[in-house]
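K.L.:
pasted the sequence and its predicted model underneath.
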Amino acid sequence: MKTILCDSYEEMSKAGALIIADQLKAKPDSVLGFATGSTPVGMYTELAKMNKNGEMDFSKVTTFNLDEYYPIDPKNQQSYRYFMNENLFNKINIDISKTFVPEGYSSDSTAACKKYEKMIKDAGGIDLQVLGIGVNGHIGFNEPAKNLKASTHVTDLTESTIEANSRFFASREDVPRQAITMGIGTILKSKKIILLITGENKSKALNDLLGDDIITDNPATFLKVHNDVTLICDKEAYYGRDNTQER
Ligand code: PGA
């Protein structure tokens, strides 16, 4: 894995946006995989700015998001569909009908998962997948567990993720207990992957990534088997508290 070490969150966001810009220059009709959470917000702001300045064109782009709560109405302000529209899609020249988020509103979640996996395949696969990482090492909603899933599936959220995400909801009880997420295999089939990592609380998860072990307790460590992954991290995540992580 390649690592880009950035001085700040802003620098990390710009570095991510530049990689996406290069991708679209090389292939204007790229299929992009997007992530939610607070980490990529700065990069999305950067992408919107570059699009406005005429430096990037999203008109031919198709997107697939990693995950969505289940069940959730896409109009719910906590849904990832809503998040993507607000933070990116409404601010760029993308054809909204070519932006896909798992159907958290479907009455048949198993069918929704199968359909999502097929749609990604039919689109030719994901050219560039953007990832964030959970404090516990999750990617998408692939939570630490004894067994991980390869394909898009419904998953129970762990207590630590419910706790971490409750900051976005009125109360902890309002956080959905399940989600639909791409599986580890879905993610690893992407041709290229960038993983944005910011903040000291992610340094343990990042430390596992820099070692050689692949462990289901830190699902992101499976990225080590992929041959085109770039970690873009800020100093806080890379060095941890008081710079005590050994490198
Ligand atoms: P965060 O979430 O960017 O809000 O920290 C990342 C994740 O949980 O994958």
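P.N.:
Structure's in. What do you need?
K.L.:
what does this structure have sitting close to the ligand?
P.N.:
37-39, 132-134, 138 (Cβ under 6 Å from any ligand atom). C-beta: built from backbone N, CA, C; applies to glycine.
K.L.:
pick out the most distant pair among those residues.
P.N.:
38 and 138 (14.5 Å; Cβ to Cβ).
K.L.:
more neighbours: the two, which one.
P.N.:
residue 138 (25 against 12; other Cβ atoms under 10 Å).
K.L.:
ok, that one touching residue 217?
P.N.:
No: applying Cβ atoms under 8 Å, one finds residue 138 not in contact with residue 217, separated by 10.5 Å.
K.L.:
list residues touching both of those two?
P.N.:
Counting by Cβ atoms under 8 Å, 6 or more residues apart in numbering, the shared contacts of residue 138 and residue 217 are residue 144.
K.L.:
output the below-cut-off pLDDT ranges for the protein.
P.N.:
241-247 (pLDDT under 70).
K.L.:
for it, which segments count as helices?
P.N.:
Counting by DSSP state H, the chain has these helices, from start to end: 9-26, 41-52, 80-87, 109-122, 159-165, 184-188, 203-210, 235-239.
K.L.:
quick one: contacts of the third one?
P.N.:
Meaning helix 80-87. 34, 36, 41, 44-45, 63, 65, 67-69, 74-76, 96, 99, 101, 104.
K.L.:
do the same with the second one
P.N.:
Residues from elsewhere that reach helix 41-52 (Cβ under 8 Å, 6+ apart): 9-10, 12-14, 16-17, 20-21, 56-58, 87-88, 91-93, 130, 196.
K.L.:
out of these, which end up buried?
P.N.:
Buried members of the contacts of helix 41-52, scored by 16 or more other Cβ atoms under 10 Å, are 9, 12-14, 16-17, 20-21, 56-58, 87-88, 91-92, 130, 196.
K.L.:
for the nearest residue to residue 208 once chain neighbours are set aside, grab phi and psi.
P.N.:
Closest residue to residue 208 in three dimensions, ignoring its sequence neighbours and counting by Cβ to Cβ, 6 or more residues apart in numbering: residue 218, at 4.4 Å. Here the main-chain torsion angles of residue 218 (degrees, to the nearest 10) amount to phi -140, psi 90.
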